[in-house]
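>>> Just to be clear, the model below is a prediction. Sequence and coordinates:
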Amino acid sequence: MSPARTLPWPLVALFTAGYLAPYLLPTTVGRLDSGLPLTATQAGAIGSALLLSSAAAGFLLASRVDRFGPRALARAGLAFAFLGYGGAAVTDAVPAVVAGALLGGFGSGTVTAVAASGIAANRDPHRVTTLGLLGVSALAGALYLTIPHLGPGHGLPLAAVALTALAVWPFTGRLSVRTAPARAASGYGRLPHPRAGLLLAAAMPCWSLAQNSLWGVSGRIGLAQAHLTEVTVGAVFAIALGAGLLGVLGAGALGPRLGRALPIGGGTALIAACIALSASATDLPAFAAGEISWNLLYPVVLSYVIGLAASLDPRGRWAVLVGSASSLGTAAGPLAGSLLAGWAGFPGMGLLLGAGLLLIAAPMTAVALRTGRRPVPVVELPVVEVPVETPAVAARQAYETASPNSYASTSAM
């Protein structure tokens with residue numbers, strides 16, 4: 001069978017639909033601020049509430065995907081996403097927008113949980129994750145180029161996410177109704193590798209918080225500090241996401257050759273420098289350099305982190321929990337970025353976030369190193385007794401024994 005036929009395209013499609021809302025966060029928050037009677041902090045809070053709802057879905061469903069079945073959960077999540085984001089897109093009432101964002105976020109988290117669980121059970125989780133990141137980066141890049149030309153208003157990015165959920169629905173027909181017997185037989189036991197999993201899950205909110213604190217205010221940095229137009233900022237974001245595609249392709253080509261410790265630890269340190277550069281930008285070259293380099297590295301490191309989490313549990317529970325923990329940081333990002341920028345300014349915010357990333361890189365690298373050194377488990381083979389019909393005594397009588405001592409010992413038995 002050719003490799004193209006064995007690729008789990010439904011999981012790639014679900015990954016794309018689940019992650020699209022966070023990828024469109026800058027334009028979503030910016031348009032909530034400009035299109036509705038909201039302050040920048042209030043718009044950031046709505047973005048945080050959306051992502052917090054997504055994280056809540058992941059925590060609730062981390063160990064229940066097998067129980068309810070991937071197909072049913074995926075369809076429920078896509079329905080929530082379509083209804084929630086679609087409803088928020090067609091109304092100007094702030095309470096209704098908030099309610100729609102919460103429902104849509106819960107749908108995104110449900111879809112992501114199904115995708116993460118399936119990816120962890122795949123023979124090559126890093127490859128599937130890479131394809132998912134390629135899909136969401138390409139789609140988000142195309143939307144960043146398109147949305148500014150379709151007119152103002154807060155509804156366009158939300159409608160794009162809703163329509164993506166609707167477009168992915170047909171792929172759910174290829175998902176299993178219930179988990180395969182081989183995986184279901186493992187039961188609902190304790191999580192393996194609890195120390196490594198908990199350390200990674202504890203580090204991920206801080207890692208994602210730093211990333212999305214910048215991403216949530218990047219539009220404002222480009223407009224207010226670098227004095228660019230929305231079209232120019234959208235073009236920079238599209239190019240940056242295109243660079244992310246190249247980064248993901250490179251990560252997919254390298255695969256596990258570099259291990260996980262170097263891409264995660266070294267990549268996080270480089271991201272810290274990119275955040276500081278982007279946050280201090282006052283013109284187009286500096287802003288573009290910071291955003292493009294950051295978007296080049298971010299999905300690469302994320303793909304290795306997801307692969308690391310998937311390697312801790314083949315049933316995908318750590319992958320879902322770590323992803324949900326990451327969503328907590330993602331959820332707090334827009335609000336944290338707005339608060340830090342208001343207190344220390346954009347350059348000060350970048351320095352603080354960069355310093356935090358350097359600190360959090362150490363435990364994440366430690367988990368990657370520990371997982372990479374994990375010994376191969378020893379498989380115990382059962383001992384099978386084979387009955388011999390001919391008595392051993394008769395053989396000794398016919399051929400004698402090799403030594404007198406051995407014959408004497410057997411005779412005494």
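Received the coordinates, thanks. Please read all numbers here as calculations on a predicted model, not as lab measurements. Residues are numbered from 1 along each chain as shown.
>>> Now for A101: which residues touch it?
Residues in contact with A101 (Cβ atoms under 8 Å, 6 or more residues apart in numbering) are 46-47, 49-50, 53, 84-85, 88, 158. Where you see a C-beta, it was placed from the backbone N, CA and C, and this is true even at glycine.
>>> which of those lies closest to L339?
Comparing these against L339 with Cβ to Cβ picks out G47 as the nearest, at 13.1 Å.
>>> you'd agree L357 is up against I271?
Yes: between L357 and I271 there is a contact at 6.1 Å, judged by Cβ atoms under 8 Å.
>>> ok, these two, which is more surrounded?
Taking other Cβ atoms under 10 Å, L357 and I271 do not tie; I271 has more neighbours (27 against 24).
>>> Now do the contacts for that one.
211, 294, 297-298, 301, 357.
>>> again, but for T268
Per Cβ under 8 Å, 6+ apart, neighbours of T268: 207, 301, 357-358, 360-361, 364.
>>> before we move on, the earlier item: buried among the contacts of A101? Make that a ChimeraX selection.
Per 16 or more other Cβ atoms under 10 Å, the buried members of the contacts of A101 correspond to this ChimeraX selection:
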select :46,47,49,50,53,84,85,88,158
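>>> if we can go back for a sec, just name the closest of the contacts of T268 to G173, please.
Nearest to G173, judged by Cβ to Cβ, of the contacts of T268 is V301 at 33.5 Å.
>>> Could you check how many residues crowd around the closest one?
24.
>>> wouldn't G47 be in contact with L32 here?
Yes: the criterion here is Cβ under 8 Å, and G47 meets it with L32 at 7.3 Å.
>>> Give me the common contacts of the two.
Residues touching both G47 and L32 (Cβ under 8 Å, 6+ apart): none.
>>> Now list the buried members of the contacts of T268.
Counted by 16+ other Cβ under 10 Å, the contacts of T268 give 207, 301, 357, 360-361, 364 as buried.
>>> so which pair among these is furthest apart in space?
Pairwise over those, using Cβ to Cβ, the maximum falls at V301 and I360, 11.7 Å.
>>> Helices of the stretch 201-350 of the chain, residue ranges please.
For the stretch 201-350 of the chain, applying DSSP state H, counting those that start in this stretch gives helices covering 230-254, 261-279, 284-311, 317-372.
>>> so what does the strand or helix carrying H126 touch, helix or strand wise?
Here H126 sits within helix 125-146, counting by DSSP states H and E. Judged by 3 or more Cβ pairs under 8 Å, 6 or more residues apart in numbering; DSSP states H and E, helix 125-146 is in contact with helix 9-23, helix 94-121, helix 155-168, helix 230-254, helix 284-311.
>>> For A332, which residues are in contact?
A332 touches 48, 52, 205, 209, 212-213, counting by Cβ under 8 Å, 6+ apart.
>>> follow-up on the earlier one: G141: which of the contacts of I271 is nearest?
Y298 (13.6 Å).
>>> Point out where the protein drops to low pLDDT.
By pLDDT under 70, the low-scoring segments of the chain are 1-7, 178-189, 372-413.
>>> what are the phi and psi angles of A196?
Main-chain dihedrals, A196, degrees, to the nearest 10: phi -60, psi -40.
>>> what's the closest non-adjacent residue to it?
Among residues not flanking A196 along the chain, V367 sits closest, at 4.9 Å (Cβ to Cβ, 6 or more residues apart in numbering).
>>> Likewise for A101?
Nearest non-adjacent residue to A101 (Cβ to Cβ, 6+ apart): L50, at 4.2 Å.
>>> Can you add distance to S117 and give the contacts of T268 back as a markdown table?
Output for the contacts of T268, formatted as a markdown table (distance: Cβ to Cβ, whole Å):
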| residue | distance to S117 |
| --- | --- |
| W207 | 21 |
| V301 | 22 |
| L357 | 28 |
| L358 | 32 |
| I360 | 26 |
| A361 | 27 |
| M364 | 22 |
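>>> how near is the closest residue in space to F237 that isn't next to it in sequence to Y23?
Closest residue to F237 apart from its sequence neighbours, by Cβ to Cβ, 6+ apart: Y144 at 4.3 Å. Distance of Y144 to Y23, computed by Cβ to Cβ, to the nearest Å: 9 Å.
>>> show me the contacts for L296.
Contacts of L296 by Cβ under 8 Å, 6+ apart are 240, 243-244, 246-247.
>>> how close does it sit to A336?
Applying Cβ to Cβ to L296 and A336 gives a distance of 23 Å.
>>> Please apply the same query to P170.
From P170 to A336 the distance is 38 Å (Cβ to Cβ).
>>> got it, and G86?
Between G86 and A336 the computed distance is 28 Å (Cβ to Cβ).
>>> Overlap in contacts, Y144 and Y23.
L241.
>>> For the contacts of T268, work out which two are farthest apart.
Comparing every pair within the contacts of T268 by Cβ to Cβ identifies V301 and L358 as the most remote, at 13.6 Å.
>>> I am assuming A319 contacts G118, so please confirm or correct that.
No: using Cβ under 8 Å as the test, A319 is too far from G118 to be in contact (9.5 Å).
>>> and the two? which has more neighbours close in?
With neighbours defined as other Cβ under 10 Å, A319 and G118 compare such that A319 has more, 33 against 25.
>>> surely W215 meets G333?
Yes: counting by Cβ under 8 Å, G333 is a contact partner of W215 at 6.6 Å.
>>> Now the common contact residues for those two.
Shared contacts of W215 and G333, counting by Cβ under 8 Å, 6+ apart, come down to L25.
>>> neighbour count winner among these two?
Taking other Cβ under 10 Å, W215 and G333 do not tie; G333 has more neighbours (29 against 26).
>>> now stretch 133-147, how far from the centre of its chain.
How far stretch 133-147 lies from its chain's middle: 17 Å, per Cα atoms, centre = their mean, to the nearest Å.
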